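1. pasting the sequence and the predicted model now:
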Amino acid sequence: HYYITNNLRMVLWVALIVLSYIQSVHSQNYDLHFKNPVNTVFSTLGINNELQNLIRSPVNFLRDQLLSYSQQSVDSKDDDSKACETKVLSLVESLKTEESLKFVDALGKPPSGFLNGNTVLMGSYDTCTSMIKSAGYGSNYKPCKIKALMTMGNNSVGGTPLTWTVCFPQECRGGNFTSLKQGLLKIINSRWDPVHIAESSVVTTCDTDYNYSAGSYCAIVLISVIAFMVLVGSMWDPVVMLMTSLKVAEERKVLVNSEEGGAVDEIVPDSPAVQSKPVLDPFKSSTLGEVLKCFSVQRTVGALLNTTTKEGQILCMNGIRVLSINWVVLGHVYYIGLGAAGDLVYINTLYRRNTFTFTWNGLPSVDSFFLMSGFLVSLLLSKDLAKRGKFNAVGYYLHRYLRLTVPFLVVTLGQGFLAQIFIRGPFEDILNKGSENCNKWWWTNILYINNFVPWNKLEICVGQSWYLSNDFQFFIVAPLFIWLLYKSPRTGIAVTMTTLVCSTVAAGVITYGYNLGPSTVFDPNAANFTDFKLLYDKPWIRCPPYLIGLLGGWFCFKNLDSLKLYISRLRFITRLLLSVVIWITTCTVQYWVTFGLHNDMLKKTSGEKISLAGSVVYETFARSSWGIALLVQIVSCQCGLGGIINKVLSWKGWIVLSRLTFAVYLLHYIIIQSFIVQLRHPFFYKPDYEIAILYFGFLGMSYLAAALLFTCVEQPLTFLERMTYRK
């Protein structure tokens, strides 16, 4: 019996495969030979009665319990629920038709590893979606998910999410299976001791046939226009260059007298007549030609691959950008996979691993971008003020808005309105929520207010875009701080530091007042995203690294050259000791920010209470500490104290990849989601080797997609902007 029980599913699958084969061979005599197909398979395989009962028992159990429930409180059920129950009961009452067999085959069943957290009862997505009326079935079937929180007895599996995929006919969709759902819950809670599921935790969703909306058509039109411009521009560029060469060659022909006294046309490149002929550039002859030139792939790819550097560039930031975005992608691989996780118990073990803290606490990676953004804005704007003595507000804001918004709009329309139409699979509910959010709130993206609107809900269109809203909001107010720093350094420093202190204090006060953890991972009210809405995406909480970057950029503008000169005059041993002290200190601070929460995670996974005082301290100082440490490291690299670290971070190969980091940030999320959505099995976090392969695959695909977005959208915008300024 032990052997039979553990191999029950395999035997059933073999039986169904054999049944399908026999059906295909004897299709003409189906009614004669297969009055009961399952019995025929049993007899063909020589399966005894005891094993037949074991195979039949799950379906028979479900049938008997549903029949029993359906006879109770019949009058209290609405007509839709009755129709749903009638259809389902007709399918499970007997296994005599292909439709009923496929229904059972597509039904999610308890998988192996259930006690290890594999609580995703998948079923067969492809079998379910193939059952449609046009193929001869009685109804159109769609996968539906019943999600709930499951508790087992009094021990460690409490609160485990359970996902059950069922293949429901059209009679049961649209919320019409409420009573059936209640019946199934009663069966589980009364018969599957010690498993218990609270009805209040149950959420049901069904796959939907999405139609093209106005947003979908806008996405198609925008992408088509861009593709057309790229195609025409890429064809126009070499054709016109060839025509230019032929025209120039024609104009440079010089008539030369031959020895016989005749005349021939001969090209004499070095003659004065040739040198006096102008070389025409056909692109300058019309505005259309210049616009098409901007979209030429030959030119945009050349701009992407250009590694020429200029004096004064902060090359170490290229490496920091790339490493930071790679860190972001790593964290999102694990985070997005949770929506389809099939090894929840192992995830608990994974969180207890010290090295894994680097993955789940990858939040400082975003602070690195805030720091670098503030630093560069301050440095460049200070130089501009020193050169021109004034601030070009229109150019400042318009350049930034267009550079961010056009690529962002392409991704918003594609991810929000096209993805759910073309990317279908067992876990497509991961995409559906984002699509619903975009239908309501897409306009908050182009206004960069999606971290405020809606205020009391977490309904962001393009989930990772909260960062862009924060960054643009910082960019709007940055000139005020920079102007004060330039005109009155003491006043500017005082205002910036006061704002910085107020932000850090606010983070601590909110953490204490709402009894929050030191990170979103420790949110005691994670279902409502309390930590995210109060702390994670709000500019008055996330601004410390940006403010530190503003101070750092202004400092380098004023003092970098003199600081370089001073350090260059120090003795070698002094520079070496200073460098060692700086890097050990800053790396220690960054280690605390990243790995300092490991003990708190050990407490969380063990069910112990996390210190509120420790949470307040971390939320108050972590972002500022990371920003200061990274700023010191950047300045050290610029002053000659970076050593081998600066050489690695300033490697020219980073230049190309760093140009793609913005596009990678926009695109990596939907690339990971597309993979998870289409999985035909749960997502497993073990072994590490498999996750590493997936991670590098996602990373490579993200950079390839980013290169496409850069060459077709970002760089053409840059060329168009330069063309406009020239005019």
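-> Cool, got the structure. Since this is a predicted model, take the numbers as computed values, not measurements.

2. CA only for contacts and neighbour counts going forward, please
-> Noted.

3. pLDDT weak spots in the stretch 301-450 of the chain?
-> Scanning the stretch 301-450 of the chain for pLDDT under 70 picks out nothing.

4. I meant to write the chain there.
-> In the chain, residues with pLDDT under 70: 1-82, 85, 92-96, 152-159, 173-195, 199, 244-285, 523-531, 726-727.

5. could I get the full set of strands for the chain?
-> 120-121, 141-152, 160-169, 195-197, 203-206, 253-257, 263-267 (DSSP state E).

6. could those go into JSON lines alongside mean neighbour count and distance to residue 571?
-> Shown next, in JSON lines, are those (neighbours: other CA atoms under 10 Å; distance: least, CA to CA, whole Å):
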{"stretch": "strand 120-121", "mean neighbour count": "24", "distance to residue 571": "64"}
{"stretch": "strand 141-152", "mean neighbour count": "21", "distance to residue 571": "65"}
{"stretch": "strand 160-169", "mean neighbour count": "23", "distance to residue 571": "62"}
{"stretch": "strand 195-197", "mean neighbour count": "18", "distance to residue 571": "71"}
{"stretch": "strand 203-206", "mean neighbour count": "16", "distance to residue 571": "69"}
{"stretch": "strand 253-257", "mean neighbour count": "14", "distance to residue 571": "66"}
{"stretch": "strand 263-267", "mean neighbour count": "12", "distance to residue 571": "64"}
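
7. let me have these in CSV, extended by distance to residue 86.
-> Output for the strands of the chain, formatted as CSV (distance: least, CA to CA, whole Å):
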stretch, distance to residue 86
strand 120-121, 24
strand 141-152, 15
strand 160-169, 11
strand 195-197, 25
strand 203-206, 19
strand 253-257, 90
strand 263-267, 91
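
8. would you tell me which of these gets closest to residue 688?
-> Residue 688 lies closest to strand 120-121 among these, at 20.7 Å (CA to CA).

9. so which elements touch the closest one?
-> strand 160-169 (3 or more CA pairs under 8 Å, 6 or more residues apart in numbering; DSSP states H and E).

10. just checking, what packs against the strand it packs on?
-> Checking 3+ CA pairs under 8 Å, 6+ apart, strand 160-169 ends up next to helix 79-92, helix 98-106, strand 120-121, strand 141-152.

11. now for the ones you listed, which one comes closest to residue 367?
-> The nearest among these, by CA to CA, is strand 141-152 at 34.3 Å.

12. where is the longest helix in this structure?
-> Ranked by residue count under DSSP state H, the longest helix found in the chain is helix 214-251.

13. the helices and strands packed on strand 160-169 into CSV, with extra columns for distance to residue 341?
-> Listed next are these as CSV, based on distance: least, CA to CA, whole Å:
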stretch, distance to residue 341
helix 79-92, 29
helix 98-106, 20
strand 120-121, 8
strand 141-152, 13
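
14. out of these, which comes closest to residue 459?
-> Among the helices and strands packed on strand 160-169, strand 141-152 sits nearest to residue 459 (CA to CA), with 20.1 Å.

15. pull the distance from that closest one to the chain's centre.
-> 25 Å (CA atoms, centre = their mean, to the nearest Å).

16. CA atoms only for that strand, dumped as PDB, please.
-> Only the C-alpha atoms of strand 141-152 are listed here, as PDB (Å, rounded to 0.1, in the frame of the first residue of the first chain):
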ATOM      1  CA  TYR A 141     -13.200  26.100 -19.900                       C
ATOM      2  CA  LYS A 142     -10.800  28.400 -18.200                       C
ATOM      3  CA  PRO A 143      -8.300  27.900 -15.300                       C
ATOM      4  CA  CYS A 144      -9.400  29.500 -12.000                       C
ATOM      5  CA  LYS A 145      -7.300  29.900  -8.900                       C
ATOM      6  CA  ILE A 146      -8.500  29.500  -5.300                       C
ATOM      7  CA  LYS A 147      -6.000  31.200  -3.000                       C
ATOM      8  CA  ALA A 148      -6.100  30.900   0.800                       C
ATOM      9  CA  LEU A 149      -4.000  30.900   3.900                       C
ATOM     10  CA  MET A 150      -3.700  27.400   5.300                       C
ATOM     11  CA  THR A 151      -2.900  26.300   8.800                       C
ATOM     12  CA  MET A 152      -1.800  22.800   9.900                       C
END
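
17. could you check how far the residue lying closest to residue 557 once chain neighbours are set aside is from residue 510?
-> Spatial nearest neighbour of residue 557, chain neighbours left out: residue 379 (5.8 Å); criterion: CA to CA, 6 or more residues apart in numbering. Relative to residue 510, residue 379 is positioned 33 Å away (CA to CA, to the nearest Å).

18. same deal with residue 463?
-> Taking CA to CA, one finds residue 463 at 23 Å from residue 510.

19. the helices and strands packed on strand 160-169: which one's closest to residue 297?
-> strand 141-152 (43.2 Å).

20. other SSEs contacting that closest one?
-> Going by 3+ CA pairs under 8 Å, 6+ apart, strand 141-152 lies up against helix 125-129, strand 160-169, strand 195-197, strand 203-206.

21. in JSON lines: the ones you listed, plus distance to residue 115.
-> JSON lines is the format used below for those (distance: least, CA to CA, whole Å):
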{"stretch": "helix 125-129", "distance to residue 115": "24"}
{"stretch": "strand 160-169", "distance to residue 115": "11"}
{"stretch": "strand 195-197", "distance to residue 115": "11"}
{"stretch": "strand 203-206", "distance to residue 115": "22"}
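
22. out of these, the one nearest residue 640 is which?
-> Of all the helices and strands packed on strand 141-152, strand 160-169 comes closest under CA to CA, at 53.2 Å.

23. CA atoms only: put the closest one into CSV for me.
-> Output of strand 160-169 as CSV, limited to C-alpha atoms (Å, rounded to 0.1, in the frame of the first residue of the first chain):
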residue,chain,number,x,y,z
THR,A,160,1.1,29.1,4.5
PRO,A,161,-0.4,30.3,1.2
LEU,A,162,-2.3,27.6,-0.7
THR,A,163,-3.1,27.9,-4.4
TRP,A,164,-5.5,25.5,-6.0
THR,A,165,-6.0,25.7,-9.8
VAL,A,166,-9.3,24.3,-11.0
CYS,A,167,-10.6,24.1,-14.5
PHE,A,168,-14.0,25.6,-14.4
PRO,A,169,-16.6,25.7,-17.2
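
24. angle of that strand against strand 141-152?
-> 160 degrees (axes from the mean of the first three to the mean of the last three CA atoms, to 10 degrees).

25. how far does strand 160-169 sit from the chain's center?
-> 25 Å.

26. got it, and stretch 593-606?
-> 25 Å.

27. and that stretch, how far apart are its ends?
-> First residue to last in stretch 593-606 (CA to CA) measures 22 Å.

28. what comes into contact with that stretch?
-> Here stretch 593-606 makes contact (CA atoms under 8 Å, 6 or more residues apart in numbering) with 348, 351-352, 354, 357-358, 361-362, 364, 518, 522, 609-610, 618, 622, 625-626.

29. buried among these? Make that a PyMOL selection.
-> The PyMOL command for the buried members of those (criterion: 16 or more other CA atoms under 10 Å) is given here:
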select buried, resi 348+351+352+354+357+358+361+362+364+518+522+610+618+622+625+626
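
30. ok, now how distant is the nearest residue to residue 680 once chain neighbours are set aside from residue 123?
-> Among residues not flanking residue 680 along the chain, residue 426 sits closest, at 6.5 Å (CA to CA, 6+ apart). Distance, residue 426 to residue 123, using CA to CA: 9 Å.

31. cool, residue 419 as well?
-> In this view, residue 419 and residue 123 are 23 Å apart by CA to CA.
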